[in-house]
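**Q** Would you be able to build a 3D model of this:
(chains A and B)
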Amino acid sequence: NAGVTQTPKFRILKIGQSMTLQCAQDMNHNYMYWYRQDPGMGLKLIYYSVGAGITDKGEVPNGYNVSRSTTEDFPLRLELAAPSQTSVYFCASSYSAGGYQNEKLFFGSGTQLSVL
Amino acid sequence: DQQVKQNSPSLSVQEGRISILNCDYTNSMFDYFLWYKKYPAEGPTFLISISSIKDKNEDGRFTVFLNKSAKHLSLHIVPSQPGDSAVYFCAPGSSGSARQLTFGSGTQLTVLP
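**A** Have a look, this model is predicted:
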């Protein structure tokens, strides 16, 4: 059981370039999330999805876009990369948001992104 | 506006002793609280949780205490082992909120052999 898979693990972008961070889960989870973690900081929610075709903004959505065409996949798109987007990005999934026993998030191993 | 604060960025303890990691929160809507553990180059993994209807939850060497009136929770690890060296995140949430968890900034625990 692979869980949550993120690709790539590392990426260096130039200012203004675009890229897509891939995320896939094989646990049939309805809920999926993108977080970023800056040095010395907690994880901040970028976007989330409660099911295929439904997405919503989190705490720090500016500069990013997402789509959820299938239950399994939740890609994160950076259109015009900026140095402020240098961070570690984590994708996560959960079964539902209906009670704390189900709230446990399963995380991917992260993508280290540098924008120079 | 930090809703969740972990005021100790780092903590060092001797192997076999107790580790106590603290977390304070301000949002009264939080009704469940999770702790995640993170090793370098890995994603966070779930460690232990507690509901607001309880004041203590124990799982092996790990115990979480919740003081709702003080809006404070703590994670106790007894006895501490070198493999426990990791970053620990406090992550409260509100039931039914699809936005999930609010993470603290983390505490780096180092257990010295």
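
**Q** Pull the residues that contact the helix or strand B:Asn22 falls within.
**A** Applying DSSP states H and E as the criterion places B:Asn22 in strand B:19-25. Applying Cβ atoms under 8 Å, 6 or more residues apart in numbering or on different chains, the contact partners of strand B:19-25 are B:3-8, B:11, B:13, B:33, B:35, B:71-78, B:80, B:84, B:88, B:90, B:92, B:104, B:107, B:109, B:111. Every residue, glycine included, has its C-beta placed from N, CA and C.

**Q** What's the mean pLDDT across that strand?
**A** The pLDDT scores in strand B:19-25 average 97.

**Q** centre of the chain versus it, how much separation?
**A** Distance of strand B:19-25 from its chain centroid, counting by Cα atoms, centre = their mean, to the nearest Å, is 6 Å.

**Q** picking up where we left off before, from the contacts of strand B:19-25, which are also near chain A?
**A** B:4, B:6, B:104 (Cβ under 8 Å from any Cβ of the partner chain).

**Q** Of these, which belong to strands?
**A** B:Val4 (DSSP state E).

**Q** Of the ones next to chain A among the contacts of strand B:19-25, which is the nearest to chain A?
**A** Using Cβ to the nearest Cβ, B:Gly104 comes nearest to chain A of those, at 5.1 Å.

**Q** Does the closest one touch B:Val87 like I think?
**A** No - using Cβ atoms under 8 Å, B:Gly104 makes no contact with B:Val87, being 10.3 Å away.

**Q** ok, those two, which is more surrounded?
**A** Per other Cβ atoms under 10 Å in any protein chain shown, whichever of B:Gly104 and B:Val87 has more neighbours is B:Gly104, with 27 against 19.

**Q** Give me the phi and psi angles of the more buried one.
**A** Note on B:Gly104: its backbone torsions stand at phi -70, psi 180 [degrees, to the nearest 10].

**Q** And for the one 4 residues further on?
**A** Per-residue torsions, B:Gln108: phi -80, psi 110 (degrees, to the nearest 10).

**Q** Just the pLDDT for it.
**A** Looking at B:Gln108, its pLDDT stands at 96.
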